[in-house]
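Visitor: Sequence and predicted model, in that order:
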Amino acid sequence: MFKNITEQKLLFFALLGIAICLSPLFILGEDAHIRVHDNLDSNLAWYKVLTNSGEIVGPIDATILQVINGLPRNAFGTEFSLIVWIYALFPTMLAYAISQAITRVVAFLGMYLLLKKHFLTKDEYAFIRIGTSLAFSLTPFWPSGMLSTLGMPLALWAFLNIRNGEKAWTNYFVLTLLPFYSSIVLGFFFFLSAMGIFWLVDVIRGKGWNPRFFLSIAYMTLIFFMTEYRLVYSFLFDDEPNSRDEYFHARLTFWRSLRLTWKNFIYGHHHAATIHTAVILPVIFIALFFVIYKKIWKQERVFVILFWLNLALSAWYAFWFYKGWLPLTERFHFLDTFNFARYHFLRPLIIYVLFAIALRIIWLQGRNWRKWTTILVLAQVTIGFLANEEIIYQNKPTFREFFAVQQFKQIKEHIGLPQEDYRVVSIGLHPAIAQYNGFYTLDTYNNFYPLSYKYKFRQIIEKELAKNKTIRTYFDTWGGRCYIFTAELGKHYMFKKKSKRHLKNLELNLMPFKEMGGKYIFSAIPIENASDNNLILDKVFESKSSAWKIYLYKAL
């Protein structure tokens, strides 16, 4: 179907497809629908808080007073990350769109170069490699992960070039720049350690020491350590206990871990989304059938290795939560504080390379099968387009509705005090909303904050935690969401203005709340027994441009 179209034209159409995918972000702006979980509810507010704090390049021991009376500056990541400066220089929604554009274009180019140079080198595979690269770039990746997963194909392209003896400066240029737009803990620690294992396997197989390959891995690791110096310092030298010290992951039984293995293998994980279930997975198994039926194991050795590696990574992810780890985690504390399950972040790279190789295997089965490869590529690209944020999050609040700037401006003006003079918490909505609007919050969503603060905050909600095992376990064994949890609402914290829910039996301890500077509660639903909690309803705020109805309660 596309055999008469030149590769240059296919590249143009692919880039046009990416532009179409990105267009809602630039056209709709703040009226666009984007991901809420680990995005609107956290990272986007963090960038704004960090910018407003004046501590982007603050000292290693700086704190951000707007959050929990002094959140360590190191909890917000490094100033050497390009994404921090994009959000500092541009309005938040425009910065989000720019970041998405950078990530998707680099993801496409990286996968295209990797496939063209190392896996599908013949001209006749142009449509497969370009289609696969486009599909890969359209995956609904975790936005603040940047190139932590989607940059892996470009890094692998550079490493394989160096491994093969190439001395081109472009390879080292890639390895130098990627650390400035990705995170070592959100992807590249696992990728670089995998590269180290790859190098060691070469040595064991008698292929020589290849010092240039080894040094290139060490070089990129060093660049990451330099850019992520705050993280390195916190890990090695900060002795103050933090919330990560109570992250206990090993809780699943063997059979639940086994079920999670297959769930991850079939559906993937939202932080490393692959949308591979409907098309890619069947394609891989069809190709595996041909490999077995035609006994071409040796010829397709890379495909077979990647297939089993893909399955192994799903098992590793699932069994990282197996409670059989407990004896080791109790002895070696870093096994709890560092999430080694994230080796599964390698799967997007592996799955899409597998997809490309599988399509090539099917292509080689004859003329009729070649037609099917075209259809299958287009099917996966279509799924990528349908996974656009504007489509999959159409029932969620828009950016404008979520942060409700005008509504919270009214609240600020009604209170009439400098925001730094009082503290607030939220019930039924994310504290990131208040933070984005400049309020000083006692509650927060952060993966790294003082453990002493977690204990102090827990006193406010201890009666609610005692009534509900789910939220008690969630808070006590993790605590990243340092929220005003209630037994009645559970782990639900986004009640829109049309909600009919009421809080009937709220039991808060306002003494520690007031000792920490707490004065107001922003609640998304009415509290029927407010007086029992020494709270008084001050005013109710509504706005057409907001997703929320805010009940402003004042502590007596």
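Guide: Okay, I see it.

Visitor: so residue 69 touches residue 516, yeah?
Guide: Yes. Between residue 69 and residue 516 there is a contact at 6.4 Å, judged by Cβ atoms under 8 Å. For every residue, glycine as well, the C-beta is placed using N, CA and C.

Visitor: Which neighbours do those two have in common?
Guide: 423, 442 (Cβ atoms under 8 Å, 6 or more residues apart in numbering).

Visitor: What residues sit buried inside whichever strand or helix holds residue 99?
Guide: Assigning secondary structure by DSSP states H and E places residue 99 in helix 92-114. Along helix 92-114, the positions that meet the burial threshold by neighbour count (16 or more other Cβ atoms under 10 Å) are 92-104, 106-114.

Visitor: what helices or strands is the next helix or strand after that helix leaning on?
Guide: Past helix 92-114, heading to the C-terminal end, the next element that is a helix or strand (DSSP H and E) is helix 126-137. With contacts taken as 3 or more Cβ pairs under 8 Å, 6 or more residues apart in numbering; DSSP states H and E, helix 126-137 sits against helix 7-28, helix 92-114, helix 347-363, helix 367-386.

Visitor: contacting residues for residue 317?
Guide: The neighbours of residue 317, taking Cβ under 8 Å, 6+ apart as the test, are 260, 261, 264, 269, 341, 343, 344.

Visitor: Excluding covalently adjacent residues, which one is nearest to it?
Guide: With Cβ to Cβ, 6 or more residues apart in numbering as the measure, residue 344 is the residue that lies nearest to residue 317, at 3.8 Å, once sequence neighbours are left out.

Visitor: How about residue 48?
Guide: The spatial neighbour of residue 48 that comes closest, neighbours along the chain excluded (Cβ to Cβ, 6+ apart), is residue 436 at 5.5 Å.

Visitor: ok, now residue 546?
Guide: residue 404 (3.6 Å).

Visitor: Distance check, that neighbour against residue 32.
Guide: In this structure, residue 404 and residue 32 are separated by 15 Å, where distance is defined by Cβ to Cβ, to the nearest Å.

Visitor: More neighbours: which of these two?
Guide: Set side by side, residue 404 and residue 32 show unequal neighbour counts under other Cβ atoms under 10 Å, the larger going to residue 404 at 24 against 20.

Visitor: do you know how far that one is from residue 483?
Guide: Plainly put, residue 404 is 18 Å away from residue 483 if you go by Cβ to Cβ.

Visitor: what do you get for residue 519?
Guide: If you go by Cβ to Cβ, the gap between residue 519 and residue 483 works out to 18 Å.

Visitor: Tell me which of the two has more neighbours.
Guide: residue 483 (25 against 18).

Visitor: how close does the nearest residue to that one once chain neighbours are set aside sit to residue 524?
Guide: Nearest non-adjacent residue to residue 483, counting by Cβ to Cβ, 6+ apart: residue 443, 5.3 Å away. Distance, residue 443 to residue 524, using Cβ to Cβ: 13 Å.

Visitor: do the same with residue 483
Guide: In this view, residue 483 and residue 524 are 12 Å apart by Cβ to Cβ.

Visitor: tally of neighbours for the residue nearest to residue 17 when sequence neighbours are not counted?
Guide: Among residues not flanking residue 17 along the chain, residue 134 sits closest, at 5.7 Å (Cβ to Cβ, 6+ apart). Applying the criterion other Cβ under 10 Å, we find 28 residues in the vicinity of residue 134.

Visitor: ok, now which ones touch residue 134?
Guide: By Cβ under 8 Å, 6+ apart, the residues touching residue 134 are 14, 17, 18, 108, 381, 384.

Visitor: so which of those is the most crowded?
Guide: Across those, neighbour numbers were computed from other Cβ under 10 Å; residue 108 holds the maximum, 26 neighbours.

Visitor: Pull the contacting residues for the nearest residue to that one once chain neighbours are set aside.
Guide: If the residues on either side of it in the chain are set aside, residue 108 comes closest to residue 137, at 3.8 Å by Cβ to Cβ, 6+ apart. Contacts for residue 137 (Cβ under 8 Å, 6+ apart) come out as 18, 104, 105, 107, 108, 111, 150, 384.

Visitor: which one of the residues you listed is nearest residue 231?
Guide: residue 150 (20.7 Å; Cβ to Cβ).

Visitor: I'd like to know how far that closest one sits from residue 345.
Guide: As it turns out, when the distance is counted by Cβ to Cβ, residue 150 lies 10 Å from residue 345.

Visitor: ok, now residue 67?
Guide: Going from residue 67 to residue 345 by Cβ to Cβ gives 27 Å.

Visitor: what does residue 428 give?
Guide: The gap separating residue 428 from residue 345 is 32 Å, by Cβ to Cβ.

Visitor: mind showing which ranges of the stretch 451-556 of the chain have poor pLDDT?
Guide: Along the stretch 451-556 of the chain, no part satisfies pLDDT under 70.

Visitor: those helices in it, which residues are they?
Guide: Counting by DSSP state H, counting those that start in this stretch, the segments of the stretch 451-556 of the chain that form helices are 451-467, 469-476, 510-515.

Visitor: and those helices, which is most packed in?
Guide: A comparison of these by mean neighbour count, using mean count of other Cβ atoms under 10 Å, puts helix 451-467 on top with a mean of 18.

Visitor: Alpha carbons only: can I get that one in PDB?
Guide: C-alpha atoms of helix 451-467 as PDB (Å, rounded to 0.1, in the frame of the first residue of the first chain):
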ATOM      1  CA  LEU A 451       9.200  11.600  58.900                       C
ATOM      2  CA  SER A 452       8.800  13.700  62.000                       C
ATOM      3  CA  TYR A 453       6.300  15.800  60.100                       C
ATOM      4  CA  LYS A 454       4.300  12.700  59.000                       C
ATOM      5  CA  TYR A 455       3.900  11.800  62.700                       C
ATOM      6  CA  LYS A 456       2.800  15.300  63.700                       C
ATOM      7  CA  PHE A 457       0.300  15.400  60.800                       C
ATOM      8  CA  ARG A 458      -1.000  12.000  61.700                       C
ATOM      9  CA  GLN A 459      -2.200  13.300  65.000                       C
ATOM     10  CA  ILE A 460      -4.800  15.400  63.100                       C
ATOM     11  CA  ILE A 461      -6.400  12.400  61.400                       C
ATOM     12  CA  GLU A 462      -5.600   9.600  63.900                       C
ATOM     13  CA  LYS A 463      -9.200   9.000  64.800                       C
ATOM     14  CA  GLU A 464     -10.200   8.800  61.200                       C
ATOM     15  CA  LEU A 465      -7.400   6.400  60.400                       C
ATOM     16  CA  ALA A 466      -8.400   4.200  63.400                       C
ATOM     17  CA  LYS A 467     -11.900   3.800  61.700                       C
END
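
Visitor: Give me the contact list for that helix.
Guide: Under the criterion Cβ under 8 Å, 6+ apart, residues 68-69, 240-243, 245-246, 425, 442-443, 471-472, 475-476, 479, 482, 484-487, 506-513, 516, 518 lie in contact with helix 451-467.

Visitor: ok, now with 7 Å
Guide: With Cβ atoms under 7 Å, 6 or more residues apart in numbering as the test, helix 451-467 has contacts from 68, 241-243, 245-246, 442, 471-472, 475, 479, 482, 484-487, 507-509, 512-513, 516.
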